[in-house]
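Visitor: here is a sequence with its predicted model. Questions after.
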Amino acid sequence: MSKLTAEEQRQALAARLDRIDEKIDKMADAVIALARAEEKIITLTSFSKQQSEQIQNVINKVEALEKKVEANASTVNIINKMFWIVMAAAATAITGMLLMQ
């Protein structure tokens, strides 16, 4: 087994340190990528929550509008019946006046 010279040992250690440095750089890049992905997930979660709240608000408004429409429909129905009662009474009155003359 041959012994390495001091220069060869330094070169081997330098090469080893370079490989370790490259691995640390790759790990740092991976950690940065994970942090960015986590930020995106947080942003998307926040956006999703906001969208859910907006959808719930729209649902509540539609339900309130449905209640108003139902109330207006019954009012219009009553007005419609009153109109036809008045028209029938007017037609009866006009017919009665014409027959009496």
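Guide: Alright, I've got the coordinates. Numbering: from 1, shown residues only.
Visitor: which stretches of the chain have low pLDDT?
Guide: Scanning the chain with the threshold set as pLDDT under 70 gives 1-2.
Visitor: tell me the secondary structure at residue 4.
Guide: Per DSSP: H, G, I helix; E, B strand; the rest coil, the secondary structure class of residue 4 is coil.
Visitor: mind listing what it touches?
Guide: residue 12 (Cβ atoms under 8 Å, 6 or more residues apart in numbering). C-betas here are computed from N, CA, C, even on glycine.
Visitor: dihedrals phi and psi, it?
Guide: Torsion angles at residue 4 (phi, psi; degrees, to the nearest 10) stand at phi -80, psi 150.
Visitor: what's the distance between it and residue 98?
Guide: In this view, residue 4 and residue 98 are 132 Å apart by Cβ to Cβ, to the nearest Å.
Visitor: likewise for residue 42?
Guide: When residue 42 is compared with residue 98 (using Cβ to Cβ), they lie 83 Å apart.
Visitor: helices of the protein, residue ranges please.
Guide: Taking DSSP state H as the test, the helices found in the chain are 6-100.
Visitor: can you pull the contacts of residue 12?
Guide: Contacts for residue 12 (Cβ under 8 Å, 6+ apart) come out as residue 4.
Visitor: check the gap between it and residue 88 for me.
Guide: With Cβ to Cβ as the criterion, residue 12 and residue 88 are 112 Å apart.
Visitor: tally of neighbours for residue 5?
Guide: If you count neighbours by other Cβ atoms under 10 Å, residue 5 ends up with 9.
Visitor: err, residue 29, not the other one
Guide: Number of residues near residue 29 (other Cβ under 10 Å) recorded here: 10.
Visitor: contact partners for the residue most central in space within the chain?
Guide: Centroid-nearest residue in the chain: residue 51, 2.1 Å away (criterion: Cα atoms, centre = their mean). By Cβ under 8 Å, 6+ apart, residue 51 lies in contact with nothing.
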